[in-house]
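[1] When you get a sec, could you give me coordinates for this:
(chains A, B, C and D)
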There are 2 protein chains.
Amino acid sequence: MSEIQRRKRPTMVDVARVAGVALRTVSRVVNEDPTVGAELAERVHAAIAELDYAPDERARELRRGASGIIGAAVRNLSDGHPVLGAIDLASREHKMTVLAMSTDDDERRERATVMSMCGRRVDGIIVEPIGSAHQYLEPEIESGMPIVAFDRPAGGVATDTVLADNALAMGMAYRHLTLHGHRRIAYIGDHDRIYTGGERAAAFRACTTANGNPVDGMVHTGEIEPGRIAEALATVLGGDQPATALIAGNRQTTVEVLRQIGANATRLAMVGFDDFALADLLRPGVTVIAQDSATIGRTAVELLLARSADPTRPVRTVTVPVSLIPRGSGELAPE
Amino acid sequence: MSEIQRRKRPTMVDVARVAGVALRTVSRVVNEDPTVGAELAERVHAAIAELDYAPDERARELRRGASGIIGAAVRNLSDGHPVLGAIDLASREHKMTVLAMSTDDDERRERATVMSMCGRRVDGIIVEPIGSAHQYLEPEIESGMPIVAFDRPAGGVATDTVLADNALAMGMAYRHLTLHGHRRIAYIGDHDRIYTGGERAAAFRACTTANGNPVDGMVHTGEIEPGRIAEALATVLGGDQPATALIAGNRQTTVEVLRQIGANATRLAMVGFDDFALADLLRPGVTVIAQDSATIGRTAVELLLARSADPTRPVRTVTVPVSLIPRGSGELAPE
DNA sequence: ATGAAAGCGCTAACAT
DNA sequence: ATGTTAGCGCTTTCAT
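    Next up is the predicted model:
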């Protein structure tokens, strides 16, 4: 005969029976209702301890309506995600817990992820949108589900949004390189159809024009993929008027460029978009534009909560400033 | 009059009414029960689309018992976590979704996190344990909640466990340095009371003794904190018989050591525990012992599912092999 | 093949 | 201050 006994989970009814009180009294004790007599409360606590009772959150949520959960749909869970950390922290301060799920940079996965959160009736969703068609959110929003997008806006639907200031960021990067004597400055970055890619490329073109610098062959957007980066680098550094400085449009680009220029890293000034771990340990250290992840995460949570409290408030887009962190690569003089 | 109309969420009853069928029929359609007539099914689908109906998962779960969710309690969400990514992937293959929450390296937070998952009646929990007292899990395990620990065992309670092979790993690292001519090899790592720290330090001592190499002043365990690392480094590299090689017991130690030795990185051979992004871009590249995160995550999910299917099966501990990735720092010869 | 009714574990009106 | 009772939205016997 098996010794292993899968004990049935005790319910509130069991606790009530053991404590010799009514169900409602147990509920009151569990919810810390102050109107329970000291003696009964004691008996209930004893019964809870004796049975190792733990309330079923699903039932509580179902009955109450609210879940106390904020869903976070982010691009992936394996790589670091400082904004997710900030969301986690801020949520905790508001007694909310975070349900983190990944979208894997896949439009359909994003939809499945977000809809599953809706099905779970979370109190709101913070999403890092992929693609540009988010009309599927419309019914959820109408039903009162607070949705906040960050890093990029959701497409085709009005939601609260938290964005880093891409134009300002590009201005800072460009100006930094200019101040260090560069005039032939190139840009390699994401596809234009990716929001941040488009924003940054446009800002780069604007900066170049405003400074009266050459733009021909200086802008390279597309897939972040070694072959393409190699080609872009060859164009940028070849010819008789090679660029002396480069702005990399995202982290993968920065890293791939470093990998490819290798020992020549001291011969090309570079500012990379988005900070990354160990950027300071490379030689030269990599000068970057850093997002304020803490503020972005916190703001997203605050927008979510504000909408939750007042579903009729106008949709808001908050732009968060960025900073430039000089570490060496961006301070190299033109050769 | 406000145009904003917070539409009440439709329930299955609403769908039934619109479709002109019984509640049960809608349920059948939603659950893809094949015994529904084609015509009724059509009417129901139409009603669902018309109302933008989405079933309430909380209610389904409550009624069914199972949730389809695997809880993952990991140390943090901001830094990268390859194992979490692997858990996510493997779960998806089994039609499970992952609820990821952080423990923040805090024993009490871990407990709160895990218990909140239990309260949500997830189908099982994968935890990266902090501290060493996990007796609080006992009642949950008795109630049939599958719990799997990874990276370190849970303390004071028997659970399925997935561990990297720390002894093997240390043997590989030590032997690698030996083969490259080193005899004075030092170790700096975590506190002994941290499981991996203890395992690795013990294995290091064993290797040193087995090779007849000096052990005095060569083992430094404790808090990972710049001051302590600096002291340890001073001891290790000072004196008339300085170490020529170093094994770093975890990622933070590796990075902090690199930061402190700076330009001297080519004068001290080093193997670091745990791989990290950009280790290949540093000069010299950092030779590391890499865990097989994909296998660890996958195994954790499989153990979880196996226990779920058969709660009486004996508890199992799986040890996953590691690999050494040579990148330069571990192949330096003694000066 | 379809429907009526019970109940998952809890909270919230409404008594008392 | 405590108990009774009705649901939350769904799945699941059990009839038909």
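[2] contacts and neighbour counts: CA atoms only from here.
    OK.
[3] How about the helix or strand harbouring residue A:40, which residues are buried there?
    Per DSSP states H and E: residue A:40 is located in helix A:38-51. Neighbour-count burial for helix A:38-51, counted by 16 or more other Cα atoms under 10 Å in any protein chain shown, picks out A:40-41, A:43-45, A:47-48, A:51.
[4] Report whether it contacts DNA strand D.
    Yes. Applying Cα under 7 Å from any atom of the strand, one finds helix A:38-51 touching DNA strand D at A:38-41.
[5] and the gap between the closest residue to chain B within the stretch 201-335 of chain A and residue A:233?
    Nearest residue of the stretch 201-335 of chain A to chain B: residue A:282, at 5.7 Å (Cα to the nearest Cα). As judged by Cα to Cα, to the nearest Å, residue A:282 and residue A:233 stand 20 Å apart.
[6] before we move on, what about residue A:260?
    9 Å.
[7] returning to what we had before: can you check the pLDDT for the residue of the stretch 201-335 of chain A closest to chain B?
    At residue A:282, the pLDDT value in this model is 93.
[8] Kindly report the same for residue A:7.
    69.
[9] Find the nearest non-adjacent residue to the residue in the stretch 51-200 of chain A positioned nearest to DNA strand C, please.
    Distances between the stretch 51-200 of chain A and DNA strand C by Cα to the nearest atom of the strand are smallest at residue A:55, namely 3.2 Å. Closest residue in space to residue A:55, ignoring its immediate chain neighbours: residue B:119 at 6.2 Å, by Cα to Cα, 6 or more residues apart in numbering or on different chains.
[10] Got phi/psi on the one you found?
    Dihedral pair for residue B:119: phi -60, psi -30, per degrees, to the nearest 10.
[11] quick one: contacts for the residue of the stretch 201-335 of chain A found nearest DNA strand D?
    As assessed by Cα to the nearest atom of the strand, DNA strand D sits closest to residue A:308 within the stretch 201-335 of chain A, at 17.5 Å. Taking Cα atoms under 8 Å, 6 or more residues apart in numbering or on different chains, we find residue A:308 in contact with A:123-124, A:144-146.
[12] so it is in which element?
    Per DSSP H and E: helix A:293-309 holds residue A:308.
[13] Give me the distance from that helix to the chain's centre.
    12 Å (Cα atoms, centre = their mean, to the nearest Å).
[14] same check, this time on stretch A:89-99
    Distance, centroid of stretch A:89-99 to centroid of chain: 15 Å (Cα atoms, centre = their mean).
[15] Next, the distance between the ends of that stretch.
    13 Å.
[16] Go through it and flag the buried ones.
    Buried residues in stretch A:89-99 (16+ other Cα under 10 Å): A:89-91, A:96-99.
[17] any bit of stretch A:40-50 sitting next to DNA strand C?
    No. Applying Cα under 7 Å from any atom of the strand, one finds stretch A:40-50 separated from DNA strand C by no less than 10.6 Å.
[18] contact partners of that stretch?
    A:15-16, A:18-19, A:21, A:26, A:29, A:54.
[19] Where do the strands of chain A begin and end?
    A:69-74, A:97-102, A:124-127, A:147-150, A:160-164, A:185-189, A:219-221, A:245-248, A:269-273, A:287-291, A:317-320, A:322-325 (DSSP state E).
[20] can you list the domains in chain A?
    Following automatic domain parsing, one finds the domains of chain A at A:3-63, A:64-163+A:293-320, A:166-292+A:324-331.
[21] Switch those over to TSV; also include distance to residue B:80.
    Converted to TSV, the domains of chain A look like this (distance: least, Cα to Cα, whole Å):
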stretch	distance to residue B:80
domain A:3-63	30
domain A:64-163+A:293-320	3
domain A:166-292+A:324-331	10
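[22] what's the least confident stretch among these?
    domain A:3-63 (a mean of 89).
[23] And the buried residues of helix A:38-51, which is closest to residue A:276?
    residue A:48 (48.1 Å; Cα to Cα).
[24] what does the stretch 51-200 of chain A put close to chain B?
    A:52, A:54-59, A:61-62, A:76-86, A:88, A:98-102, A:119-121, A:139, A:142-144 (Cα under 8 Å from any Cα of the partner chain).
[25] Now which of the residues you listed would you call buried?
    Judged by 16+ other Cα under 10 Å, buried ones among these: A:52, A:54-59, A:61-62, A:76-86, A:88, A:98-102, A:119-121, A:142-144.
[26] Which of these fall in helices?
    Among these, the members falling in helices (DSSP state H) are A:57-59, A:61-62, A:82-86, A:88, A:119, A:142.
[27] circling back: how close does the residue nearest to residue A:55 get to residue B:67?
    12 Å.
[28] next one: residue A:68
    17 Å.
[29] the more surrounded of those two?
    Using other Cα atoms under 10 Å in any protein chain shown as the criterion, residue A:68 and residue B:67 rank with residue B:67 on top: 20 against 17.
[30] I'd guessed that one sits against residue B:61; true?
    Yes. Counting by Cα atoms under 8 Å, residue B:67 touches residue B:61, with 5.1 Å between them.
[31] Need the overlap of contacts for the two.
    With Cα under 8 Å, 6+ apart, residue B:67 and residue B:61 have no common neighbours.
[32] quick one: contacts for the closest residue to chain B within the stretch 1-150 of chain A?
    Using Cα to the nearest Cα, the single residue of the stretch 1-150 of chain A nearest to chain B is residue A:80, 3.4 Å away. Shown in contact with residue A:80 (Cα under 8 Å, 6+ apart): B:77-81.
[33] would you list the residues you listed in a markdown table and tack on distance to residue A:294?
    Formatted as a markdown table, the contacts of residue A:80 follow (distance: Cα to Cα, whole Å):
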| residue | distance to residue A:294 |
| --- | --- |
| B:77 | 13 |
| B:78 | 11 |
| B:79 | 13 |
| B:80 | 16 |
| B:81 | 19 |
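[34] so which of those comes closest to DNA strand D?
    residue B:77 (31.6 Å).
[35] For the residue lying closest to that closest one once chain neighbours are set aside, give its distance to residue B:327.
    Excluding its sequence neighbours, the residue lying closest to residue B:77 (Cα to Cα, 6+ apart) is residue A:85, at 5.3 Å. Per Cα to Cα, residue A:85 is found 31 Å from residue B:327.
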